[in-house]
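Trainee: sequence first, then the predicted structure:
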Amino acid sequence: MATRNPIRDRIAIVGVHSEPYVRDRGMSQNAMTLEACMGAVRDAGLSAADIDGVCGSQVPAHYVASSLRLPALTWWANVAIPFTAHVIEAANAVASGTCDTVLAYHSTYRASGTSRTAAADPFRARTGPGFNVLSRNPDSISGAVGYAAWASRYLYEYGAKREHFGLIAINSRSNASRNAHAALRTPLSMEEYLGGRMVRDPFTIYDMDYPVDGADAFVITTVARARDLPQKPVLVHAATLGMTGRSEEDQLPDLRHHGQQVVAENLWRRSELTREDCDIFFPYDGFSVIALSCFEVMGYCGYGEAGPFLEDHWNPEMNRIEIGGRIPVNTHGGSLSDGGTQGVGHIREAVLQLRGQAEGRQVEGARTALITPGGFFFNAGGLILRTD
């Protein structure tokens, strides 16, 4: 039975802009965010006077509004990652009439250091919500500690191999090599993957999202208004978040009962589409095991079967995943190679692909994208974006 979705295909993303993802941008998080926001508004063919809603994450909405001299806001919010939540909040605000046009943004920023050594550290601490000291505390199971534990469980329970994690990392790097925006573009072999420095067994540096400085911003409004704007509208067809009653890392009962299952069940219920209608798949790969789970939960294969599924759908010439020989996966390079941005990069790439503007990596005829930003626990999410 379909779930009620009164705003299906009524809200559109009409502007997008990204600040380059690099190891150390040499500018503040606020400055990167403002540049991305200004670029998105210009991309939409609008001006500051057209924006009456703001939705962001670490950089406060009031700071953005003041810095951009937005003359009058009727709605604003600062929302926790992943960026799926920002899209949902903005879409609901526009659909309800609380505002007409929302500027939504997210940025990542590696804590400033005083030496080149600090800047070169691939796991230098990042700032903002979700990057607290607990993720580096050996007494906590949050962040990499929790996912490493569940990755070990995945290998044990399903008889999977580390090479299956490696296929996710190699796919991301192969696609990133065609993306001038990506932070990591050098090809990655399986031998190199398996020889990567171990960080938290079974994760090497290639299994964990790549910390970057960068920012993305989007303009979201009604489809009716989008018709008069210069860019092809990208419609929010269906969107949902997902959480279970036991959503903490150490309380999760098993690999079959977490937020991603809630997302999958409700996303398809809110949609008129099926997997077969999707031209590109964007599984979240903040950690490689999350992406494997996305294939299983979204129904491409059974539980524990993602590794063999990827082997069966591997294009050796392109050195990447192509589902059924036609559906590419994380065409931008994902969190592992484009840059770790808590899902905003996946959504940005989907918008560019559906607008036909993914230079050097465009999927011919792409009209529908399935995106699953977020992890197992308290931050799972899913989107289906489409064009007319």
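Mentor: Arrived safely, thanks for sending. Residues are numbered from 1 along each chain as shown.
Trainee: what's the burial count for residue 68?
Mentor: Residue 68 has 16 neighbouring residues, counting by other CB atoms under 10 Å. C-betas here are computed from N, CA, C, even on glycine.
Trainee: next one, pLDDT for it please.
Mentor: Residue 68 is assigned 98 on the pLDDT scale.
Trainee: what's the neighbour count on the residue nearest to residue 243 when sequence neighbours are not counted?
Mentor: Distances taken as CB to CB, 6 or more residues apart in numbering put residue 259 closest to residue 243, at 5.0 Å, once the chain neighbours are dropped. Counted with other CB under 10 Å, the neighbours of residue 259 add up to 23.
Trainee: same check, this time on the one 5 residues further on
Mentor: When neighbours are defined as other CB under 10 Å, residue 264 has 20 of them.
Trainee: quick check, pLDDT for it.
Mentor: 95.
Trainee: quick check: it is in a helix.
Mentor: Yes: counting by DSSP: H, G, I helix; E, B strand; the rest coil, residue 264 is part of a helix.
Trainee: all further residue positions should be reported with the first residue as 31.
Mentor: Happy to do that; since the first residue is 31 now, the last one works out to residue 294.
Trainee: need the strands for this structure, in chain order.
Mentor: Taking DSSP state E to define them, one finds strands in the chain at 41-52, 83-86, 105-108, 131-138, 228-230, 233-234, 243-252, 264-272, 310-313, 344-345, 350-353, 357-358, 398-402, 410-416.
Trainee: can you put those strands in a markdown table and add mean neighbour count?
Mentor: What follows is the strands of the chain, written out as a markdown table (neighbours: other CB atoms under 10 Å):
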| stretch | mean neighbour count |
| --- | --- |
| strand 41-52 | 24 |
| strand 83-86 | 26 |
| strand 105-108 | 19 |
| strand 131-138 | 29 |
| strand 228-230 | 15 |
| strand 233-234 | 21 |
| strand 243-252 | 27 |
| strand 264-272 | 24 |
| strand 310-313 | 26 |
| strand 344-345 | 14 |
| strand 350-353 | 21 |
| strand 357-358 | 20 |
| strand 398-402 | 27 |
| strand 410-416 | 27 |
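Trainee: any chance of those strands in CSV, with mean pLDDT and distance to residue 63 too?
Mentor: Output for the strands of the chain, formatted as CSV (pLDDT from 0 to 100; distance: least, CB to CB, whole Å):
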stretch, mean pLDDT, distance to residue 63
strand 41-52, 94, 8
strand 83-86, 98, 7
strand 105-108, 97, 12
strand 131-138, 96, 5
strand 228-230, 93, 29
strand 233-234, 95, 30
strand 243-252, 96, 5
strand 264-272, 97, 22
strand 310-313, 98, 23
strand 344-345, 98, 37
strand 350-353, 98, 32
strand 357-358, 98, 30
strand 398-402, 98, 22
strand 410-416, 96, 21
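Trainee: quick revisit: the residue nearest to residue 273 contacts residue 404, correct?
Mentor: Yes: with contacts counted by CB atoms under 8 Å, residue 289 reaches residue 404, the gap being 7.0 Å.
Trainee: any residues in contact with both of the two?
Mentor: 271, 272, 410 (CB atoms under 8 Å, 6 or more residues apart in numbering).
Trainee: out of those residues, flag the one nearest to residue 188.
Mentor: Of all the shared contacts of residue 289 and residue 404, residue 188 sits closest to residue 410, with 19.9 Å by CB to CB.
Trainee: what residue ranges in the stretch 181-330 of the chain score low on pLDDT?
Mentor: Along the stretch 181-330 of the chain, segments meeting pLDDT under 70 are nowhere present.
Trainee: export the strands of the chain to a markdown table and tack on distance to residue 203?
Mentor: Output for the strands of the chain, formatted as a markdown table (distance: least, CB to CB, whole Å):
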| stretch | distance to residue 203 |
| --- | --- |
| strand 41-52 | 14 |
| strand 83-86 | 30 |
| strand 105-108 | 33 |
| strand 131-138 | 19 |
| strand 228-230 | 17 |
| strand 233-234 | 13 |
| strand 243-252 | 18 |
| strand 264-272 | 26 |
| strand 310-313 | 15 |
| strand 344-345 | 14 |
| strand 350-353 | 9 |
| strand 357-358 | 14 |
| strand 398-402 | 20 |
| strand 410-416 | 24 |
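Trainee: and of those, who's closest to residue 296?
Mentor: Ranking the strands of the chain by proximity to residue 296 (CB to CB) places strand 264-272 first, at 4.4 Å.
Trainee: adjacent strands (with direction) for that closest one?
Mentor: If you go by DSSP bridges, strand 264-272 pairs up with strand 41-52 (antiparallel), strand 410-416 (antiparallel).
Trainee: CSV for these, including distance to residue 344?
Mentor: Shown next, in CSV, are the strands paired with strand 264-272 (distance: least, CB to CB, whole Å):
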stretch, distance to residue 344
strand 41-52, 26
strand 410-416, 25
